[in-house]
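Q: Got a predicted structure plus its sequence, pasted below:
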Amino acid sequence: MKPYRSSVLFLCFCWILFGQMSFAQDRTLCIHADERIELLATVQYLSGYFLTSRYPTDYKKEIKKQFAPYKTHPAVTLFAELSHDHFSYSEPFKFILQYGIFPNFEIQYNAEFSPVSAGQADSLALFATLLKDFYKTTQFNTFFDQHQPLYDTLAHQISQQLGSTQYIALLEDYFGKQQADYELIFSPLLPSGGFGPAVKLPNNQYILYALVGANGIDKGMPTFDAHSFATNLLLHEFSHSFINPLTEQHIDALNKCDNLYAYVADDMATKAYDRWDIVINEHLVRAVVIRLTQKQYGKQAADALIEHEKQAGFLYIEPVINALVRYENRRRKYPTFEAYYPEMVKLFEQLSNSVESK
């Protein structure tokens, strides 16, 4: 009988992060490779997908050598079709993380898809079946197991670089809310920017994921500079799962302020932020990261981030930051960011009215 393949197919490096609030205690961040992500990334690579690692690592060469004969597998060709129909960026990862581990690969969680992806339900169900076939046909488990020493080495390196910074406590203290779990999943095949999908549990908590790709290469080995992505990726991507659901709750009021989108549309389009709700979330998340950066690393580091976001076209970043400062100073009245969110809605209403009057 084949041994039971648990969800922890890797050596998972975790550390306890102690926070100031009682619910932020005994929280762990697990750092690992994930067989589902590696399989999906392999299918993406074989399809010619534009969001894969640009580094010619030995790992990537091995993927090409071993799986090139399967470039015409139906899972690969269907992904190519779906990716041209908006099933891209974080959407494929939201999709696959709602499933359990291979070989059973059955739905375990609910993922929150964009309206476009939600409309592809039949195609996505077929894609899941084809991924399962790709896994079996290619004996992908053998490839993954053979590379376990590499995954363990990379997990250890990332863990050492991140050190003892209390990322989970920082987030949960700031938002006043606890999430179910936090995972940093790395992959040599993913692009260096990373993604932040999440799956929702029945109790309305989330399992939060930060998916990170290699941002360098050293003698054929993928390298992950944790110092460079810690703030910009961990805090950024995890913050989305605290903020995005609140934006959705208030979307009717926020959509009345969508005249603000026209003033940032060109810059946002270059980042694939093509909806007003996405732009709102990006402003809020980036502002939170800036505030946490100031608390953790000082004003100079925060000011550098503010300038970077302004240069990137986030026109409303400073008013949003000022609103967050007001939140921080009134935590007795607003113990959670959810309680304060109506004030953020008022901010966008004020900004909307001010541009209309010009």
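A: Nice, I can see it.

Q: which residues of the protein fall in strands?
A: Assigned by DSSP state E, the chain shows strands spanning 16-17, 27-32, 110-111, 181-187, 198-200, 206-213, 216-218, 221-223.

Q: Out of the ones you listed, which gets the lowest mean score?
A: Lowest mean pLDDT of the strands of the chain: strand 16-17, a mean of 36.

Q: what about the nearest residue to residue 315 once chain neighbours are set aside, how many residues close to it?
A: Closest residue to residue 315 apart from its sequence neighbours, by C-beta to C-beta, 6 or more residues apart in numbering: residue 264 at 5.0 Å. (C-beta placed from N, C-alpha, C; glycine too.) Residues lying near residue 264 (other C-beta atoms under 10 Å) number 19.

Q: could the strands of the chain go into JSON lines alongside distance to residue 122 and mean neighbour count?
A: Output for the strands of the chain, formatted as JSON lines (distance: least, C-beta to C-beta, whole Å; neighbours: other C-beta atoms under 10 Å):
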{"stretch": "strand 16-17", "distance to residue 122": "42", "mean neighbour count": "16"}
{"stretch": "strand 27-32", "distance to residue 122": "32", "mean neighbour count": "21"}
{"stretch": "strand 110-111", "distance to residue 122": "16", "mean neighbour count": "16"}
{"stretch": "strand 181-187", "distance to residue 122": "28", "mean neighbour count": "23"}
{"stretch": "strand 198-200", "distance to residue 122": "21", "mean neighbour count": "22"}
{"stretch": "strand 206-213", "distance to residue 122": "26", "mean neighbour count": "24"}
{"stretch": "strand 216-218", "distance to residue 122": "40", "mean neighbour count": "14"}
{"stretch": "strand 221-223", "distance to residue 122": "36", "mean neighbour count": "19"}
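
Q: Among the ones you listed, which comes closest to residue 236?
A: For residue 236, the closest of the strands of the chain is strand 206-213, at 8.5 Å, according to C-beta to C-beta.

Q: Now do the closest one: which elements does it pack against?
A: Applying 3 or more C-beta pairs under 8 Å, 6 or more residues apart in numbering; DSSP states H and E, one finds that strand 206-213 contacts helix 91-97, strand 181-187, strand 198-200, helix 236-249.
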